[in-house]
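J.: predicted coordinates and the sequence they were generated for:
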Amino acid sequence: MSEEQLNFILKTLMNEVDGIQSVALVSREGLIVNSILEEDVSPMHIAAMSAIILSTCERVLLEFKKGELDVCIIQGTEGKFICMECGEDFILVCVLQEDARMDICFTKMRSTVVKVVELTEN
């Protein structure tokens, strides 16, 4: 898995969705794999928080018998945080502006997951 290839995939996602401020690929253990982040965003923090959030969301779904996790969304008054599984080992994370179109973001994130999985499994 090439860092350049991953960076290209993440840049493509950012270019395809208006309003993405930061994007990251992190390990389930909370380590940064690749990212394109705003200046004031710490790669270590976004990776660690993403792993904790995803794990917590999965636990909630298990506890309430609501099936498998599709996507985790945290919506604030000034933007959104979205994370989804990216294969068995990774998490794809996007930080969005308040007015970003979530339907487009979900579609593009899912296609990005497919690309990353293909790249990491080969």
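T.: Cool, the structure landed. From a predicted model like this one, the values you see are computed outputs, not experimental measurements. Numbers count the residues shown, from 1 in each chain.
J.: show me the shaky parts of the protein.
T.: Scanning the chain with the threshold set as pLDDT under 70 gives 1.
J.: helices along that one, start to end?
T.: Using DSSP state H, the helices of the chain run over residues 3-16, 43-63, 102-121.
J.: just give me the neighbour total for Leu10.
T.: Neighbourhood size, Leu10 [other Cβ atoms under 10 Å]: 24. Any C-beta I mention is one placed from the backbone N, CA and C, and that applies to glycine too.
J.: equivalent analysis for Leu61, please.
T.: Leu61 has 15 neighbouring residues, counting by other Cβ under 10 Å.
J.: ditto for Lys65
T.: Applying other Cβ under 10 Å, we find 6 other residues in the vicinity of Lys65.
J.: so what's the most centrally placed residue in the chain up against?
T.: Most central residue of the chain, judged by C-alpha distance to the mean C-alpha position with Cα atoms, centre = their mean, is Val93 at 1.7 Å. With contacts taken as Cβ atoms under 8 Å, 6 or more residues apart in numbering, Val93 has the following neighbours: Ser22, Val23, Ala24, Leu25, Val26, Ile46, Ser50, Phe81, Ile82, Cys83.
J.: what do you get if the cut-off is 7 Å, keeping everything else the same?
T.: Contacts were defined as Cβ atoms under 7 Å, 6 or more residues apart in numbering; by that measure Val93 touches Val23, Ala24, Val26, Ile46, Ser50, Cys83.
J.: mind checking how far it is from Lys65?
T.: With distances taken as Cβ to Cβ, to the nearest Å, Val93 is found 26 Å from Lys65.
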